[in-house]
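[1] what follows is a predicted protein model with its sequence.
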Amino acid sequence: MKPIIEVKNVFFAYPDGHQALQGVSLEVASGEKVALVGPNGAGKSTLMLHLNGILHPSSGTVRVGGMDVCDSNLASVRGAVGLVFQDPDDQLFSPTVFDDVAFGPIYQGLSRACVQERVARALDAVHMHDFAGRVSHHLSTGEKKRVAVATVLSMEPAILVLDEPSAGLDPRARRGLINLLRELPQAMLVATHDLRLVKELLHRTIVMDGGTIVADGPTGDILGDAALLDAHGLEVY
């Protein structure tokens with residue numbers, strides 16, 4: 001079976017000349033849940049933005065779901081890769097929760113009945129069905145994060161890419177989010193500084209620093225290597 005994410009020798013430089021990625025290569029299997037950790041500026045967010053075509057490599061290749069990530073495939077790629085931003089307010093902009101979750105399927109041109117079905121399934125998956133008529137910006141941070149996940153689930157992606165999903169959550173909301181992500185069947189790439197979440201949820205961990213991958217292995221092995229974590233600004237609390 002081919003990997004669902006394939007990144008091969010990707011380099012990327014921003015317009016100011018900063019080299020953010022330097023020969024990054026990785027593969028993720030269907031259904032695999034993988035942590036992406038490292039200090040600020042390591043290249044984690046830059047890499048994630050390549051997976052749905054927001055950024056394009058200076059050189060190297062990116063494939064998701066067997067498709068090249070390129071301009072001609074963007075609609076299909078963005079249907080396959082659900083990107084959940086750190087701040088849910090970057091993702092929620094419609095009058096109600098229903099409208100936010102319906103936006104993607106409507107953009108895909110689906111029928112009204114199909115849109116309603118997609119929204120119901122997505123809200124059920126994040127345990128927010130009773131919130132469909134609520135105003136998104138009146139919700140708690142934890143509730144907003146669940147709705148943000150629902151906005152991408154309504155597109156029925158094969159891959160979820162999450163940036164700091166537990167940031168800003170109180171202990172109860174954080175626990176609820178971990179349980180939610182554990183239930184979902186999609187392949188996941190999760191960029192986070194929350195190594196306790198990594199230990200509980202993600203069986204494989206990739207460490208990035210300076211735009212490169214410096215370690216990739218079973219989460220228990222990575223988090224058990226104190227010298228590795230210390231060398232790259234990471235700490236298990």
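    On my side now, so go ahead. Everything quoted here is computed from the prediction, not taken from an experiment. Residues are numbered from 1 along each chain as shown.
[2] strands along this structure, start to end?
    Counting by DSSP state E, one finds strands in the chain at the ranges 5-13, 19-28, 33-37, 59-64, 67-68, 81-84, 159-163, 187-191, 204-209, 212-218.
[3] as a markdown table, those strands with mean pLDDT, distance to S111 and mean neighbour count would be great.
    C-betas here are computed from N, CA, C, even on glycine. Formatted as a markdown table, these follow (pLDDT from 0 to 100; distance: least, C-beta to C-beta, whole Å; neighbours: other C-beta atoms under 10 Å):
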| stretch | mean pLDDT | distance to S111 | mean neighbour count |
| --- | --- | --- | --- |
| strand 5-13 | 97 | 31 | 19 |
| strand 19-28 | 97 | 33 | 18 |
| strand 33-37 | 97 | 33 | 23 |
| strand 59-64 | 96 | 26 | 19 |
| strand 67-68 | 94 | 25 | 14 |
| strand 81-84 | 94 | 21 | 24 |
| strand 159-163 | 95 | 25 | 23 |
| strand 187-191 | 96 | 28 | 23 |
| strand 204-209 | 98 | 39 | 22 |
| strand 212-218 | 97 | 43 | 15 |
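[4] which one of these lies closest to T96?
    Closest to T96 of these is strand 81-84 (C-beta to C-beta; 19.3 Å).
[5] paired strands for that closest one, with orientation please.
    strand 159-163 (parallel) (DSSP bridges).
[6] in TSV, list the strands of the chain along with distance to P171.
    Listed next are these as TSV, based on distance: least, C-beta to C-beta, whole Å:
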stretch	distance to P171
strand 5-13	31
strand 19-28	29
strand 33-37	20
strand 59-64	34
strand 67-68	39
strand 81-84	20
strand 159-163	19
strand 187-191	19
strand 204-209	23
strand 212-218	27
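[7] nearest to V149, of these?
    Of those, the one closest to V149 (C-beta to C-beta) turns out to be strand 81-84, at 5.7 Å.
[8] which residues touch T46?
    T46 makes contacts with F12, A20, L21, L55, G211, as judged by C-beta atoms under 8 Å, 6 or more residues apart in numbering.
[9] greatest separation within these: which pair is it?
    L55 and G211 (13.1 Å).
[10] neighbour count: those two, which is higher?
    G211 (23 against 20; other C-beta atoms under 10 Å).
[11] I'd say that one and K44 touch.
    No: the pair G211 / K44 is not scored as a contact, 10.0 Å apart, by C-beta atoms under 8 Å.
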